[in-house]
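Enquirer: coordinates for the following, if possible.
(one chain, ligands or ions: 2)
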Amino acid sequence: MERRYMPVVIFLAAITVGIIIMVVISVVQNKPLYQKYKYGIVLDAGSSHTSVFIYEWPAEKENNTGMVQQKHTCNVKGKGISSYSANPQGAGASLQECMNEAKQKIPAHRHPETPVYLGATAGMRLLRMENEEASKKVLDSVALSLKSYPFSYQGARIISGQEEGAFGWITVNYLSENLRKPTGTLGALDLGGASTQITFVPQQKIESSDNSIDFRLYGNNYHLYTHSFLCYGKDQALKLSMGKKLESTLKTDPIELRDPCFHPGYKVPRTVPDVFNTPCTKELKLANENFLHVGLGNWSQCQQSIRKVFNTSICSYSKCSFNGVFQPSVYGDFGAFSAFFFVMDFLNLTSDSLATTKEKLAAYCSTPWEKIVGNHPKIDQKYLSEYCFSATYILTLLEDGYKFTSNNWKDIRFIKKIGDSDAGWTLGYMLNLTNMIPAEAPDMPLMPYGGYVTFMFFFALLILVLLLLVYLYFRRSTRTAQKDII
Ligand SMILES: O=c1[nH]cnc2c1ncn2[C@@H]1O[C@H](COP(=O)(O)OP(=O)(O)O)[C@@H](O)[C@H]1O
Ligand SMILES: [Ca+2]
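Expert: Ligands and ions are numbered 1, 2, ... in the order given. Just a heads-up that it's a prediction; the model follows:
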């Protein structure tokens, strides 16, 4: 081969190698060239109501953190499934409207592969304690209803308090993309109507095995503390607290229950079984079944009365939250969701110091009931009348129960959603059951997307320049050759 062609050969070889590198990188980087979405459905059968969550994720990226998003939610009309104990068929029927909506929201060709899970929480735990047969019938009824849809039915069951706490923790940390980073995680505080959960990575040893859960996620080990207090959701706690007041006052004053946790001017006739119709309160045999529930609107007396539902005098560990339950010192930031958020957000108390929160709440509780109703004509009066109690309960639970202080109060973030997805146990439950959180970290793309685009751009530019140089070189050498001939 003539020597003058050597540079051409080298240029061509360089170009070929360049093209091969570009093709290889683009194949590795863009394995899925177009995105297909997959779906999953979880029903949260809570004590007060049932919600249907539809999740969506890119089919090829299901093992990456933060990829699963909430696409849609539907609130089932009426009360929670545990309220159908006398009419179990009604429980299954109640789900129809939301399940039909799910059929509309998910593309038909995905229906057969879309898993459906139903998890029932504390309302059903209480019904199971009260009447196991009835709780089975209710679960059978919702199972039958869910099986009639074209989705892939994966079961309807009562989840444990530990699962409820741990999956809530997984949800908030998955959505905050904390799981693949060496940085800290977010503790999870969930307040329901019938139970409440606290879950976090503690700094101290976990002294009771009931409160300890271990996970290996994306190559990291997590040693979690979790506890679920049955009967300490806000609706059952109200019954506990009213029950205590009734026990001490009805004997002397059988007509009126004077309650500092309700607004002055609030007066509602109630019956004793209204308060004692749950396994959380002991049955009281009282001749007079009717009483008048009268509000006093006194925040500090309200807090005093709520403190009585927390037993802090027994503890067989180095430290306890309440009722003899082991709890290490709270550590790190916390996401407080569900009713923690609903109540504190309604009262605009999500971003003040603990002292200011107490001051504002005291003023709110002492506001006359008439004025509260006038200010919020559209809010359901049952919810409205209970916000003073609920917020006082939340402060007492967090401060006296879990031992948050004015110093770490700001570590509690009252949240409803992270991105488009609700904070709650449902997402974590689905991620776990579909094995979407691998124990080991999945392969990362070769380079971040921005770096990839820049790289490809400059590489393409380089090849263009090389082609230009080859062209110029050829033109010059042919001209020289022609001159030589002449
Ligand atoms: O808009 C609201 N304002 C106040 N409380 C609410 C609102 N929406 C839901 N809640 C309350 O949140 C709680 C949800 O509890 P859930 O039904 O999940 O019970 P569970 O988790 O104990 O089984 C209930 O006490 C319900 O009344
Ligand atoms: Ca709940």
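Enquirer: make it CA atoms for all contacts and neighbour counts henceforth
Expert: OK.
Enquirer: the nearest residue to Y84 once chain neighbours are set aside: which element?
Expert: Taking CA to CA, 6 or more residues apart in numbering as the measure, Y84 lies nearest to A91, with 5.7 Å between them; neighbours along the chain are not counted. Element membership for A91 (DSSP states H and E) is helix 88-94.
Enquirer: pull the distance from the helix or strand just after that helix to the chain's centre.
Expert: The helix or strand immediately downstream of helix 88-94 is helix 96-105, counting by DSSP H and E. In terms of CA atoms, centre = their mean, to the nearest Å, the centre of helix 96-105 is set 22 Å apart from its chain centre.
Enquirer: again, but for stretch 302-320
Expert: Between the centre of stretch 302-320 and the centre of its host chain there is 27 Å, according to CA atoms, centre = their mean.
Enquirer: same thing with stretch 39-46?
Expert: On CA atoms, centre = their mean, the centre of stretch 39-46 falls 12 Å from that of its chain.
Enquirer: one more: stretch 228-246?
Expert: Taking the mean C-alpha point of stretch 228-246 and that of its whole chain, the gap between them comes to 23 Å (CA atoms, centre = their mean).
Enquirer: longest strand in the chain, please.
Expert: For the chain, the longest strand by residue count, based on DSSP state E, is strand 220-230.
Enquirer: buried set for stretch 417-424?
Expert: Applying a neighbour-count criterion of 16 or more other CA atoms under 10 Å, the buried positions in stretch 417-424 are 417-418, 421-424.
Enquirer: what's the spacing between the residue of the stretch 301-450 of the chain found nearest ligand 1 and T357?
Expert: Of all residues in the stretch 301-450 of the chain, the one sitting closest to ligand 1 is A339 (4.2 Å; CA to the nearest ligand atom). From A339 across to T357, the span is 17 Å (CA to CA, to the nearest Å).
Enquirer: quickly list what the residue of the stretch 251-400 of the chain found nearest ligand 2 is bridged to.
Expert: With distances taken as CA to the ion, the stretch 251-400 of the chain approaches ligand 2 most closely at S338, which sits 6.8 Å away. When bridges are assigned using DSSP bridges, the partners listed for S338 are L191.
Enquirer: so it sits against S195, correct?
Expert: No. Applying CA atoms under 8 Å, one finds S338 not in contact with S195, separated by 11.4 Å.
Enquirer: can you pull out the low-pLDDT segments for the stretch 351-486 of the chain?
Expert: Low-confidence regions of the stretch 351-486 of the chain, defined here as pLDDT under 70, cover residues 443-450, 453, 480-486.
Enquirer: quick check: residues of it near ligand 1?
Expert: Contact residues of the stretch 351-486 of the chain with respect to ligand 1, defined by CA under 6 Å from any ligand atom, are listed as Y383.
Enquirer: list the residues that contact S228.
Expert: For S228, the contacting residues are 161-162, 164-165, 195-198, taking CA atoms under 8 Å, 6 or more residues apart in numbering as the criterion.
Enquirer: that one and ligand 2, how far apart?
Expert: Computed as CA to the ion, to the nearest Å, the S228 to ligand 2 distance reads 11 Å.
Enquirer: what does the stretch 1-150 of the chain put close to ligand 2?
Expert: Listed as neighbours of ligand 2 in the stretch 1-150 of the chain under the rule CA under 5 Å from the ion: G46.
Enquirer: pull up the residues of the stretch 1-150 of the chain that are close to ligand 1.
Expert: Selection of the stretch 1-150 of the chain residues close to ligand 1 by CA under 6 Å from any ligand atom yields 46-49, 121-123.
Enquirer: could I get those residues as a markdown table with secondary structure?
Expert: Written out in a markdown table, the entries for these read as follows (DSSP: H, G, I helix; E, B strand; the rest coil):
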| residue | secondary structure |
| --- | --- |
| G46 | coil |
| S47 | coil |
| S48 | coil |
| H49 | coil |
| T121 | coil |
| A122 | helix |
| G123 | helix |
